[in-house]
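K.L.:
This is a predicted model, with the sequence first.
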Amino acid sequence: MYAVVMYESLFGNSREVAEAVAAGVADARPTAVVDCRCVDAVGSTLTVSTADLVVVGGPTHFWGMTSRISRAMEHEYELRMMPGRQPGRRHLGSRRQAAGTAGVRYWLTTIPAGHRTPAAAFDTRMDRAASGGAAPAIARHLDRRDYRLVTAPRAFVVTGVTGPVPAEQLEQARQWGRHLASAAGAHPRRRG
């Protein structure tokens with residue numbers, strides 16, 4: 001089995017969840033090759049075309065997937081709410097992991113048709129009323145590109161805008177990865 005876990009992450013929270021999911025897939029399938037990478041990684045689109053399982057996730061911004069505008073607004077929030085921040089400078093203690101990203105929304109428009117490849121979607125979000133989520137929209141994009149969703153979209157909760165991800169959420173992500181490996185193995189992709 002070749003599994004690909006793709007993510008968008010600004011503060012590292014979605015990356016941590018993606019790594020936990022990837023570890024869970026590897027737990028369930030010790031002989032599997034599991035590739036966990038950012039959607040901006042070179043060759044990420046090509047990687048998906050040969051996968052037996054595709055998992056995609058990212059942060060929730062304004063009740064859904066990130067966009068160019070929401071990332072710019074988040075950056076302004078960071079500048080205003082975190083003292084001593086200045087545009088264009090990295091600061092010690094900043095949890096921001098990526099200076100910029102094209103984002104999962106754009107990446108999903110570039111992936112090849114899935115030909116019923118097993119897939120799943122996740123997001124990270126704060127536990128607040130009416131916070132929305134990116135995972136349902138990611139799942140719809142995967143479905144439109146002919147990926148076969150093996151489970152409902154999944155949310156993992158972070159403690160604040162910059163995180164962190166609580167340890168129990170990371171353990172749940174790892175368990176979810178095990179479940180995904182089993183679900184994908186039960187109905188493998190039919191190669192054309």
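P.N.:
On my side now, so go ahead.
K.L.:
Could you point out the longest helix of this protein?
P.N.:
helix 167-186 (DSSP state H).
K.L.:
Buried residues, it. List them.
P.N.:
Residues 169-170, 172-174, 176-181, 183-185 are the ones in helix 167-186 that count as buried (16 or more other Cβ atoms under 10 Å). Every C-beta, even on glycine, is put in place using the N, C-alpha and C of the backbone.
K.L.:
could these go into JSON lines alongside pLDDT and distance to A137?
P.N.:
Output for the buried residues of helix 167-186, formatted as JSON lines (pLDDT from 0 to 100; distance: Cβ to Cβ, whole Å):
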{"residue": "Q169", "pLDDT": "98", "distance to A137": "21"}
{"residue": "L170", "pLDDT": "98", "distance to A137": "23"}
{"residue": "Q172", "pLDDT": "98", "distance to A137": "21"}
{"residue": "A173", "pLDDT": "98", "distance to A137": "19"}
{"residue": "R174", "pLDDT": "98", "distance to A137": "24"}
{"residue": "W176", "pLDDT": "98", "distance to A137": "19"}
{"residue": "G177", "pLDDT": "98", "distance to A137": "21"}
{"residue": "R178", "pLDDT": "98", "distance to A137": "25"}
{"residue": "H179", "pLDDT": "97", "distance to A137": "22"}
{"residue": "L180", "pLDDT": "98", "distance to A137": "19"}
{"residue": "A181", "pLDDT": "97", "distance to A137": "24"}
{"residue": "A183", "pLDDT": "94", "distance to A137": "21"}
{"residue": "A184", "pLDDT": "93", "distance to A137": "22"}
{"residue": "G185", "pLDDT": "81", "distance to A137": "27"}
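K.L.:
that older thread, and the longest helix of the chain, what does it pack against?
P.N.:
strand 2-7, helix 13-28, strand 53-59, strand 118-126, strand 154-158 (3 or more Cβ pairs under 8 Å, 6 or more residues apart in numbering; DSSP states H and E).
K.L.:
at 7 Å what do you get?
P.N.:
Packed against helix 167-186, as judged by 3 or more Cβ pairs under 7 Å, 6 or more residues apart in numbering; DSSP states H and E, are the following elements: helix 13-28, strand 53-59, strand 118-126, strand 154-158.
K.L.:
tell me which strands and helices the first one is in contact with?
P.N.:
In other words, helix 13-28. Secondary elements touching helix 13-28 (3+ Cβ pairs under 7 Å, 6+ apart): strand 2-7, strand 33-38, strand 53-59, strand 118-126, helix 167-186.
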